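Novice: 3D model of this:
(chains A and B)
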2 protein chains.
Amino acid sequence: MQKLRVDNFSISIDGFGAGPDQTLNDPLGKNGMGLHQWFFPTDAFQQMVSGQPGEKGVDNDFALRGLEKVGACIMGRNMFGPIRGSWPDDKWKGWWGENPPYHCPVFVLTHHARESITMEGGTTFHFVTEGIHAALRRANEAANDMDIRLCGGVSTIRQYLKEALVDKLHLAIAPIILGTGEHLFDGIDLVKLGYKCVQSTPSSRATHIIIAKDK
Amino acid sequence: MQKLRVDNFSISIDGFGAGPDQTLNDPLGKNGMGLHQWFFPTDAFQQMVSGQPGEKGVDNDFALRGLEKVGACIMGRNMFGPIRGSWPDDKWKGWWGENPPYHCPVFVLTHHARESITMEGGTTFHFVTEGIHAALRRANEAANDMDIRLCGGVSTIRQYLKEALVDKLHLAIAPIILGTGEHLFDGIDLVKLGYKCVQSTPSSRATHIIIAKDK
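Specialist: Coordinates of the predicted model:
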């Protein structure tokens, strides 16, 4: 059964999934990089960025699980890049260089149409202007019975959560406070939407939480 | 140095310190008891309620630490009882029976004056109508150089946090979601107020977090 999943999504103790003031140099907002200190040392991440071994264990198990069985991705336009409004040209191709770490079709939610971009390594960025349901339909078709990963950012996850379209949400609660920024759950009643916490697994760097539909 | 401390305060993954719809039968609000599943099995709690041994370990260490060096307590009126508005009579003496687990002066914030109540075991409830600063002053004097424990509930902790009067905050993040209820940090910028996370220690039942002033 094909699922819409959020994986490896970090929030602070006070509930923020990104810090304030996102810029080109600060793509996760002020102090936002602190959210991911559990992820960077993992073998999964180290192999991806440097080809060198990293740490095994709980954090790495979750990091790997987030990469498994993913046939398509959905992300918001702010996660794709810092440009707002209409596209000035076709130069911006994401934060990730010529070979992005997705290796599958990625559907980018935007109000501004743009031609698809084929990157190295199997990643193609498609730009969807018809809203979250259209993006999910297209991702479903493209995923070939594998799951769809909802990458972020906060605002995109919130839109899918509010309609109870997310099947599984893996959060890593990082031991930091951000004070302000983008709050993941503010005003969203997860219980009313039919979710519950089905797993909690701590590591020394984060507490991993799985939230899923209460069947 | 005398401190104003919050100890053993549980919040849900989505940030609520109590569920909705507090009643006499549901003093922590709907599903609110789920917040404290890490606390009930501890030796500290079991010895207190039944005189029988409970579990040792991380959770118990935190539970014990919350009882140490406390010379006075402050709590909100809703934590003291379910009665709202003026006191109909003097019958209500808290949720805890004749020998409450405080064993020190407890200052209850309320808009409605009432005579102090001396209970068994050293607990005296004083009712403070002059606001949070007056309660803190009186607790400071009563505590004899020991610390003051800010017991709760959510609204009371928020009032002291907003003025950066809390020196140390121990939270236990419980692996449950509540959906609605009283949110501990909503609209409070902890970073701006000068706080940071100084410790994160997970157990199998909760993630224990210490937030303190960033010196």
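
Novice: which ones are touching residue A:175?
Specialist: A:13, A:205-206, B:197, B:199-200, B:209 (CB atoms under 8 Å, 6 or more residues apart in numbering or on different chains). In this view, the C-beta of every residue, glycine as well, is placed from N, C-alpha and C.

Novice: which secondary structure elements does the longest helix along chain A contact?
Specialist: Counting by DSSP state H, the longest helix found in chain A is helix A:132-142. In this structure, helix A:132-142 packs against strand A:70-76, strand A:105-109, strand A:124-128, strand A:147-152, helix A:154-162, with contacts taken as 3 or more CB pairs under 8 Å, 6 or more residues apart in numbering or on different chains; DSSP states H and E.

Novice: Contacts for the longest one, please.
Specialist: The set of residues external to helix A:154-162 that reach it, using CB under 8 Å, 6+ apart, is A:4, A:6, A:9, A:16-18, A:74-76, A:78-79, A:109, A:132, A:136, A:150, A:166, A:169, A:182-184, A:188, A:190, A:193.

Novice: Contact distance from chain B - what residues of chain A qualify?
Specialist: Proximity of chain A to chain B (CB under 8 Å from any CB of the partner chain) is limited to residues A:13-15, A:31, A:171, A:173, A:175-180, A:185-186, A:188-193, A:195-197, A:199-200, A:202-204, A:207, A:209, A:211.

Novice: Pull out the buried members of those.
Specialist: A:13-15, A:31, A:171, A:173, A:175-180, A:185, A:188-191, A:193, A:195-197, A:200, A:202-203, A:207, A:209, A:211 (16 or more other CB atoms under 10 Å in any protein chain shown).

Novice: So for the longest helix of chain A, what gets flagged as buried?
Specialist: So for helix A:132-142, counting by 16+ other CB under 10 Å, buried means A:132, A:135-136, A:138-140, A:142.

Novice: In TSV: these, plus distance to residue B:52 and pLDDT.
Specialist: Listed next are the buried residues of helix A:132-142 as TSV, based on distance: CB to CB, whole Å; pLDDT from 0 to 100:
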residue	distance to residue B:52	pLDDT
A:132	53	98
A:135	56	98
A:136	53	98
A:138	60	97
A:139	55	97
A:140	55	96
A:142	59	97
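
Novice: Now, the contacts of residue A:175 that are in strands?
Specialist: Among those, the ones falling in strands (DSSP state E) are B:197, B:199-200, B:209.

Novice: quick check, nearest of those to residue B:41?
Specialist: Nearest to residue B:41 out of the ones in strands among the contacts of residue A:175 is residue B:209 (CB to CB; 19.8 Å).

Novice: OK, contacts around the residue lying closest to the closest one once chain neighbours are set aside?
Specialist: Spatial nearest neighbour of residue B:209, chain neighbours left out: residue B:171 (4.5 Å); criterion: CB to CB, 6 or more residues apart in numbering or on different chains. Under the criterion of CB under 8 Å, 6+ apart, the neighbours of residue B:171 are A:13, B:6, B:9-11, B:184, B:208-211.

Novice: Make JSON lines from the helices and strands packed on helix A:132-142 and add mean neighbour count and mean pLDDT to it.
Specialist: Formatted as JSON lines, the helices and strands packed on helix A:132-142 follow (neighbours: other CB atoms under 10 Å in any protein chain shown; pLDDT from 0 to 100):
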{"stretch": "strand A:70-76", "mean neighbour count": "22", "mean pLDDT": "97"}
{"stretch": "strand A:105-109", "mean neighbour count": "24", "mean pLDDT": "98"}
{"stretch": "strand A:124-128", "mean neighbour count": "19", "mean pLDDT": "98"}
{"stretch": "strand A:147-152", "mean neighbour count": "25", "mean pLDDT": "96"}
{"stretch": "helix A:154-162", "mean neighbour count": "19", "mean pLDDT": "97"}
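
Novice: out of those, which comes closest to residue B:122?
Specialist: helix A:154-162 (48.3 Å).

Novice: So what touches stretch A:204-215?
Specialist: Contacts to stretch A:204-215, defined as CB under 8 Å, 6+ apart, come from residues A:10, A:37-38, A:41, A:58-59, A:62, A:164, A:167-175, A:190, A:194-202, B:13, B:173, B:175, B:177, B:200, B:202, B:207.

Novice: do that again at 7 Å, thanks
Specialist: With CB atoms under 7 Å, 6 or more residues apart in numbering or on different chains as the test, stretch A:204-215 has contacts from A:37-38, A:58-59, A:62, A:167-174, A:190, A:194-201, B:13, B:173, B:175, B:177, B:202, B:207.

Novice: what's the answer for stretch A:10-28, then?
Specialist: A:9, A:29-32, A:35-36, A:78, A:82, A:95, A:153-154, A:171-185, B:15, B:185, B:190, B:197, B:209.

Novice: So what would you say the end-to-end distance of it is?
Specialist: Using CA to CA, to the nearest Å, the end-to-end distance of stretch A:10-28 comes out at 11 Å.

Novice: List the buried residues of that stretch.
Specialist: By neighbour count with 16+ other CB under 10 Å, stretch A:10-28 contains the buried residues A:10-20, A:22, A:26-28.

Novice: So which of these sit within strands?
Specialist: A:10-11, A:16-18.

Novice: Show me which of those residues is closest to residue B:99.
Specialist: Taking these together and measuring to residue B:99 by CB to CB, the closest member is residue A:11, at 41.1 Å.

Novice: For that closest one, give me the pLDDT.
Specialist: What the model reports as pLDDT for residue A:11 is 97.

Novice: Quick check: nearest residue in space to the spatially most central residue of chain A, chain neighbours excluded?
Specialist: Nearest to the geometric centre of chain A sits residue A:151, at 2.1 Å (CA atoms, centre = their mean). Excluding its sequence neighbours, the residue lying closest to residue A:151 (CB to CB, 6+ apart) is residue A:75, at 4.2 Å.

Novice: Report whether the residue nearest to residue B:209 is found in a strand, as I expect.
Specialist: Yes. With DSSP: H, G, I helix; E, B strand; the rest coil as the criterion, residue B:171 is part of a strand.

Novice: Name whatever forms a beta bridge with it.
Specialist: residue B:9, residue B:209 (DSSP bridges).

Novice: Also residue A:183?
Specialist: Going by DSSP bridges, residue A:183 forms beta bridges with residue A:16.

Novice: export the helices and strands packed on helix A:132-142 to CSV and tack on distance to residue B:101?
Specialist: Formatted as CSV, these follow (distance: least, CB to CB, whole Å):
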stretch, distance to residue B:101
strand A:70-76, 49
strand A:105-109, 52
strand A:124-128, 57
strand A:147-152, 44
helix A:154-162, 39
